[in-house]
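Enquirer: Sequence first, predicted coordinates after that:
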Amino acid sequence: KKRVAVLISGRGSNMAALIEAAKAPDYPAEIVLVLANIADAGGLETARNNGIETAVVDHKAFGKDRAAFDRAMHDVLVAHNIELVCLAGFMRLLTPQFVAQWNERMLNIHPALLPAFKGLDTHKRALDAKAKVHGATVHFVVPEMDAGPIIMQGAVVVRDDDTEATLAARVLKVEHTIYPAALKLVAEDRVKVADGRCLIDGVAVPDADAL
Ligand code: GAR
């Protein structure tokens with residue numbers, strides 16, 4: 001099984017979904033470490049309750065020195081023999097150096113159908129834009145934010161009476177489905193990147209940007 005670290009900043013519901021999926025005997029990855037940049041991130045307790053080792057690298061201790069913060073995280077990951085990294089509500093931008101060290105080995109989940117709605121407040125922006133469909137994306141991390149090769153997407157239909165909260169809740173359910181599924185494919189070495197796009201078992205992942 002591939003040794004996976006999940007990086008979180010908050011409640012960690014996606015982390016919990018990955019932990020649950022990884023309990024299946026035939027799941028090809030094990031969550032061996034949960035790393036947070038905030039000491040009281042709620043997800044840390046969930047991880048501990050599941051018997052998973054936790055670590056905190058507090059970004060505030062590094063001031064403006066993002067490179068030093070990233071090096072400290074990298075050292076923790078290496079010390080745990082981590083093979084794959086999953087960002088799950090991890091709200092820090094990463095340096096190109098760190099991203100390069102985990103090239104095609106670091107996944108992120110984003111609460112929108114990328115390339116639409118990169119960045120924050122995705123649900124509010126989808127509603128403001130009167131989007132008919134919305135959703136979530138799992139992608140490999142590249143230095144540019146929310147821009148890496150797409151591994152998997154899941155869509156939800158936007159309802160007329162949706163609020164930010166109701167839409168977020170439906171998208172979050174999709175997140176909890178696609179993140180474990182995407183990690184499974186990556187851990188099975190079935191995902192390759194060519195020309196900036198993912199292939200699964202040799203078949204190109206549909207990507208709205210390519211149409
Ligand atoms: C999730 O919706 C995730 O997609 C989003 O933060 C939430 C974290 O929730 N990530 C981003 O916005 C990344 N920029 P969780 O801690 O319950 O998984």
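Expert: Arrived safely.

Enquirer: element containing the residue of the chain found nearest the ligand, please.
Expert: Among the residues of the chain, Gly89 lies nearest to the ligand; the distance is 2.6 Å by C-beta to the nearest ligand atom. Where you see a C-beta, it was placed from the backbone N, CA and C, and this is true even at glycine. Counting by DSSP states H and E, no helix or strand carries Gly89.

Enquirer: Ignoring the adjacent residues along the chain, who's closest to it?
Expert: Gly10 (5.0 Å; C-beta to C-beta, 6 or more residues apart in numbering).

Enquirer: Now do the residue of the chain closest to the ligand: how many residues are near it, please.
Expert: For Gly89, the count of nearby residues is 21 (other C-beta atoms under 10 Å).

Enquirer: returning to that earlier point: my guess is the residue nearest to Gly89 meets Leu44, correct?
Expert: No: here Gly10 does not reach Leu44: they are 10.1 Å apart, not a contact under C-beta atoms under 8 Å.

Enquirer: quick one: which of the two has more around it?
Expert: More crowded of Gly10 and Leu44, by other C-beta under 10 Å: Leu44, with 21 against 17.

Enquirer: Can you list the helices and strands that whichever strand or helix holds the more buried one packs against?
Expert: Using DSSP H and E, Leu44 falls within helix 42-49. Under the contact definition 3 or more C-beta pairs under 8 Å, 6 or more residues apart in numbering; DSSP states H and E, helix 42-49 sits against strand 2-8, helix 13-21, strand 29-36, strand 53-56.

Enquirer: which parts of the protein sit against the ligand?
Expert: 8, 10-14, 43, 88-89, 109-111, 172, 175 (C-beta under 6 Å from any ligand atom).

Enquirer: check contacts around Val56.
Expert: By C-beta atoms under 8 Å, 6 or more residues apart in numbering, the contact set of Val56 is Leu35, Ala36, Asn37, Ile38, Ala39, Ala41, Leu44.

Enquirer: can you pick the most crowded of those?
Expert: Neighbour counts for the contacts of Val56 (other C-beta under 10 Å) peak at Ala36, which has 25 neighbours.

Enquirer: Show me the beta-bridge partners of that one.
Expert: Assessed by DSSP bridges, Ala36 has beta-bridge partners Ile8, Val56.

Enquirer: Looks like it contacts Val6 (just checking).
Expert: No: look at Ala36 against Val6 with C-beta under 8 Å: they stay out of range, at 9.3 Å.

Enquirer: Output the longest helix belonging to this structure.
Expert: helix 164-187 (DSSP state H).

Enquirer: The helix or strand following that one pairs with which strands?
Expert: Next helix or strand after helix 164-187 toward the C-terminus (DSSP H and E): strand 191-194. Strand 191-194 has its sheet partners listed here by DSSP bridges as strand 197-200 (antiparallel).
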